[in-house]
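>>> Test case, fold it:
(2 chains)
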There are 2 protein chains.
Amino acid sequence: MKVLGIIVEYNPFHNGHLYHLKNAISLVKPDFVVAVMSGNFVQRGEPAIIDKFARAEMALRAGVDAIFEIPSIYAFQDASGFATGAVGLLNSMNVVDDLVFGSESNDIESISEIASVIVEEPEEFKKRLKEHLKKGLSFPNARRFAISGMLEEKSDNMRYSNNILGIEYIVALQKLRSRIKPHTIKRIGSDYNDERMSEIPSATAIRKAIFQGSGIRGLPDFSFEILRREFEEGRGPVFPEDLFDFLRKKVLILEREGLEGIYGFNEGIAERFFISACKSANLKEFLESVKTKRFTFTRIKRRMIYAIFDVDRELVLRSNDHGPQYLRLLGFRHGSREVLRAISDRSSIPVISNMSGFKNALKSKGIDVALAQDQMKYDLKVSNFYRLYFKSQNCEDDFRKPVVI
Amino acid sequence: MKVLGIIVEYNPFHNGHLYHLKNAISLVKPDFVVAVMSGNFVQRGEPAIIDKFARAEMALRAGVDAIFEIPSIYAFQDASGFATGAVGLLNSMNVVDDLVFGSESNDIESISEIASVIVEEPEEFKKRLKEHLKKGLSFPNARRFAISGMLEEKSDNMRYSNNILGIEYIVALQKLRSRIKPHTIKRIGSDYNDERMSEIPSATAIRKAIFQGSGIRGLPDFSFEILRREFEEGRGPVFPEDLFDFLRKKVLILEREGLEGIYGFNEGIAERFFISACKSANLKEFLESVKTKRFTFTRIKRRMIYAIFDVDRELVLRSNDHGPQYLRLLGFRHGSREVLRAISDRSSIPVISNMSGFKNALKSKGIDVALAQDQMKYDLKVSNFYRLYFKSQNCEDDFRKPVVI
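Reported below is the predicted structural model:
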């Protein structure tokens, strides 16, 4: 049995995703495809446009055999934390043979070489890193310059968001001494952040079109239908702008001191958040007010989410050290029971699909019970909060909805 | 110079308030009237319908000479905490001769006698109190029954909200060994909670009429004009219902453990709040879901506000032990400079009217600097948060607005 693993967000699922999935399949010719996907908040520090169950359904319709949720504590961290959670899940299954990810460069050798430097930390790298940190650069930038000093043009890979994610995937694989073999395929269509509509638009362009109520193109029919059904039933769309009202009130109440206690904040960022929350009338004004040269929109948006959910530094550190503690199944296809059974048999962490399953899973050997509970509590909080933005306006039990088949 | 002190909320100022003010003046015939008033959140655990500066203006138009803000940490506590702050402010001025408050019973002797039992704690009272507490009664109820066992029909005074406040005012005066002489006059017009409109409607009835957009009666013209001006300029009306959206999200994120850390919560109340926030679609449903026989709507609403503002147990205890640390002037009348000067000269805590005044005041002898800063920080947070509900949707510096003259 040959199993392909992919790491996705499908926010929402579009033609570019379909292209990537088909190419990945024709590259490694697997018997089964297993995906790990972020839940109701995604890596760029935004709420997903529709619920995770609907996005899981899109994945299954597209040909994925089984889909699991990346615990929230990883899902909206930076590339490194996201990779720790996503790759950690795939690796823990002990059935995945290949990982295929999209990249701008399509250059697996250079990406792997950069990853090796990060993991192995040769003396030259450490020395260069230290020098750049001394100059006052942030850690990610210092690391980038240290590597570009060593690998020269290969380090160009570190300039694009999908390459950066790919590097971190391979770093995570190497750290876990994983047997999963990484491959990359070239991303096609619009750039990640390109807001224009085209045959293969970016997810950003699609979300923007939904926000503006203008025509949406570039989605497979099933994806479009699921999107329409969700909207009709009042489950979304949820936009980053929707969070601003709660955020500014929360920030005002937390004040500088409260913000400083949250993961990702120091005194300076706390001050900028506090001042900007007070004087900005909407999310755009807020982001522009907080932004500095070194503090990009995505970094600000992730910290917005951290502030909303009181993200605890210690939980992030423990999670990044010990990895995810459970495999939450969101959905699977008929005919994929064989791969699910293999995962259940061989995985190093328990597979769960409901709350009583989770409670039983806490008795499994080898898992960190306290960490599993903290990760789950955080997942439930994030999902429940998200659903308060639905028009139906009621919390739903995150486990009330059965696994999508 | 004879000075009358009054304790008010004026939410909004209506004919009943005017009647009370006139009667109080004719009772003690003062040279000046000084008021202390809650800020943007009031004692019953609600946001005020309009901003404190507008309500201060109403007071001045009605004949009050100077008006000060009761720090928020006292303003939405129960009767005892409210009285500690309000009476503490009046007493600290060292110029107030008389306190006149409205009551249902108009029986100052019985009210004072009950207050004396509470302050002096005779053995019989302590014994009875212990017995009732053993039966599982809440402290306020156990106290009420202990007193009714001793003072019999006089204890009927403890059944009405204004009497209860009056008792606590006298308790506070006695504890401070204040030279202020208490008087009471009978409340007229509608009951506190009566929602019907009449010539002298309750503030509740007026707020309800504003909420429903129906006709408002029972306000002096100046009060009506100020109300209209505020609404026209987008400053209010703010309703308790407006807080629900933020509250439920905050409660969901705090979870049971977070709520238990907040003043006024124990495990049981935290659980009820958490469950109810999730399943209720509006404030009414929430209140009804949390309510128990012993846990009244007002007590729930106060705790809602505590949850919103992360009210710290320790700050409440320190504040109740040490009293207010500054006299924040909201407004005064031309011709009242003499009484203001007297207060400035004789008061035991500093009079402040702007932020630089506050910073200077921290150098005053005899004040608890840390407590003053914590009380002020809390006042600013509460006022700023309140103003996010204005249509203009921007924080205003709470000191940007000059004192009303």
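>>> tally of neighbours for A:Ser161?
For A:Ser161, the count of nearby residues is 17 (other CB atoms under 10 Å in any protein chain shown). C-beta coordinates here come from the backbone N, C-alpha and C atoms, glycine included.
>>> Pull up the gap between it and A:Thr296, please.
Taking CB to CB, to the nearest Å as the measure, A:Ser161 and A:Thr296 are separated by 11 Å.
>>> A:Arg303 against A:Arg272, yeah?
No: under the criterion of CB atoms under 8 Å, A:Arg303 is not in contact with A:Arg272, lying 9.8 Å apart.
>>> before we move on, what SS does A:Val238 have?
For A:Val238, the reduced secondary structure class is coil; criterion used: DSSP: H, G, I helix; E, B strand; the rest coil.
>>> no wait, A:Ser178
Assigned by three-state DSSP, the conformation of A:Ser178 is coil.
>>> excluding its backbone neighbours, what's nearest it?
Across the structure, with CB to CB, 6 or more residues apart in numbering or on different chains as the measure, the residue nearest A:Ser178 apart from its sequence neighbours is A:Asn91 (4.6 Å).
>>> Give me the contact list for the helix or strand harbouring that neighbour.
Here A:Asn91 is covered by helix A:79-92, with elements defined by DSSP states H and E. Applying CB atoms under 8 Å, 6 or more residues apart in numbering or on different chains, the contact partners of helix A:79-92 are A:5, A:7, A:34, A:36, A:38, A:43, A:68, A:70-71, A:73-77, A:96, A:99, A:161, A:164-165, A:167-169, A:171-173, A:176, A:178, A:180, A:316, A:319-320, A:323-324, A:327, A:347-349.
>>> repeat that for 6 Å
A:5, A:7, A:36, A:43, A:68, A:70-71, A:74, A:96, A:164-165, A:168-169, A:172-173, A:176, A:178, A:320, A:323-324, A:347-349 (CB atoms under 6 Å, 6 or more residues apart in numbering or on different chains).
>>> Give me the number of neighbouring residues for the residue nearest to A:Ser178.
Neighbour tally, A:Asn91, other CB under 10 Å: 23.
>>> Quickly note the distance from it to A:Glu9.
Applying CB to CB, the value for A:Asn91 to A:Glu9 is 19 Å.
>>> Kindly report the same for A:Pro140.
Summarising the geometry, the distance separating A:Pro140 from A:Glu9, computed by CB to CB, is 21 Å.
>>> so where's the stretch 251-400 of chain A uncertain?
Within the stretch 251-400 of chain A, the stretches falling below the threshold (pLDDT under 70) are A:392-397, A:399-400.
>>> For it, which segments count as helices?
Here the stretch 251-400 of chain A has its helices, by DSSP state H, counting those that start in this stretch, at A:267-279, A:283-290, A:297-308, A:313-322, A:337-346, A:355-361, A:369-387.
>>> So which of those is nearest B:Ile50?
Go through the helices of the stretch 251-400 of chain A one by one with CB to CB and the one that ends up closest to B:Ile50 is helix A:267-279, at 20.9 Å.
>>> Quick one: list the elements packing against the closest one.
Using 3 or more CB pairs under 6 Å, 6 or more residues apart in numbering or on different chains; DSSP states H and E as the contact criterion, the secondary-structure elements in contact with helix A:267-279 are helix A:244-260, helix A:283-290.
>>> quick one: buried residues of it?
Under the neighbour-count criterion of 16 or more other CB atoms under 10 Å in any protein chain shown, helix A:267-279 has A:Ile269, A:Ala270, A:Arg272, A:Phe273, A:Phe274, A:Ser276, A:Ala277, A:Cys278 buried.
>>> my guess is A:Met158 meets A:Ala146, correct?
No: the pair formed by A:Met158 and A:Ala146 falls short of the contact definition of CB atoms under 6 Å, at 10.6 Å.
>>> hang on, the earlier thing: what is the orientation angle of the helix holding A:Asn91 with helix A:313-322?
Orientation check (axes from the mean of the first three to the mean of the last three CA atoms, to 10 degrees): helix A:79-92 against helix A:313-322 gives 50 degrees.
>>> what's the angle from helix A:79-92 to helix A:337-346?
In this structure, helix A:79-92 runs at an angle of 100 degrees to helix A:337-346, with the same axes, to 10 degrees as the basis.
>>> What are the buried residues along helix A:79-92?
Those would be A:79-92, for helix A:79-92 by 16+ other CB under 10 Å.
>>> Take the residues you listed and lay them out in CSV including pLDDT.
What follows is these, written out as CSV (pLDDT from 0 to 100):
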residue, pLDDT
A:Ala79, 93
A:Ser80, 93
A:Gly81, 96
A:Phe82, 97
A:Ala83, 97
A:Thr84, 97
A:Gly85, 98
A:Ala86, 98
A:Val87, 98
A:Gly88, 98
A:Leu89, 98
A:Leu90, 98
A:Asn91, 98
A:Ser92, 97
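>>> now these as TSV including distance to A:Leu247?
Written out in TSV, the entries for these read as follows (distance: CB to CB, whole Å):
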residue	distance to A:Leu247
A:Ala79	23
A:Ser80	25
A:Gly81	21
A:Phe82	21
A:Ala83	27
A:Thr84	26
A:Gly85	24
A:Ala86	26
A:Val87	30
A:Gly88	29
A:Leu89	29
A:Leu90	32
A:Asn91	35
A:Ser92	34
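>>> farthest-separated two in those?
The largest distance within the buried residues of helix A:79-92, taken as CB to CB, falls between A:Ala79 and A:Ser92 and amounts to 19.7 Å.
>>> any idea which of the buried residues of helix A:267-279 is closest to A:Glu124?
A:Ile269 (31.9 Å).
>>> in the stretch 101-250 of chain A, which spans are strands?
For the stretch 101-250 of chain A, the strands identified by DSSP state E, counting those that start in this stretch occupy A:181-186, in order along the chain.
>>> For it, which residues are neighbours of chain B?
In this structure, the stretch 101-250 of chain A approaches chain B at residues A:Phe246, A:Lys249, judged by CB under 6 Å from any CB of the partner chain.
>>> which stretches of the stretch 101-250 of chain A aren't confidently modelled?
Under the criterion of pLDDT under 70, the regions of the stretch 101-250 of chain A flagged as low confidence span A:189-199.
>>> if we go to 90?
Across the stretch 101-250 of chain A, residues meeting the criterion (pLDDT under 90) sit at A:104-106, A:135-145, A:147-163, A:187-218, A:233-234, A:236.
>>> where exactly do the helices run in it?
A:108-120, A:123-134, A:139-151, A:161-175, A:203-212, A:221-232, A:244-260.
>>> what's the angle from the longest one to helix B:369-387?
Here helix A:244-260 runs at 170 degrees with respect to helix B:369-387, directions being taken by the same axes, to 10 degrees.
>>> how big is the angle separating helix A:244-260 from helix A:283-290?
When the same axes, to 10 degrees is applied, the directions of helix A:244-260 and helix A:283-290 differ by 30 degrees.
>>> Next, the angle from helix A:244-260 to helix B:297-308.
Regarding helix A:244-260 and helix B:297-308, their directions subtend 60 degrees when assessed with the same axes, to 10 degrees.
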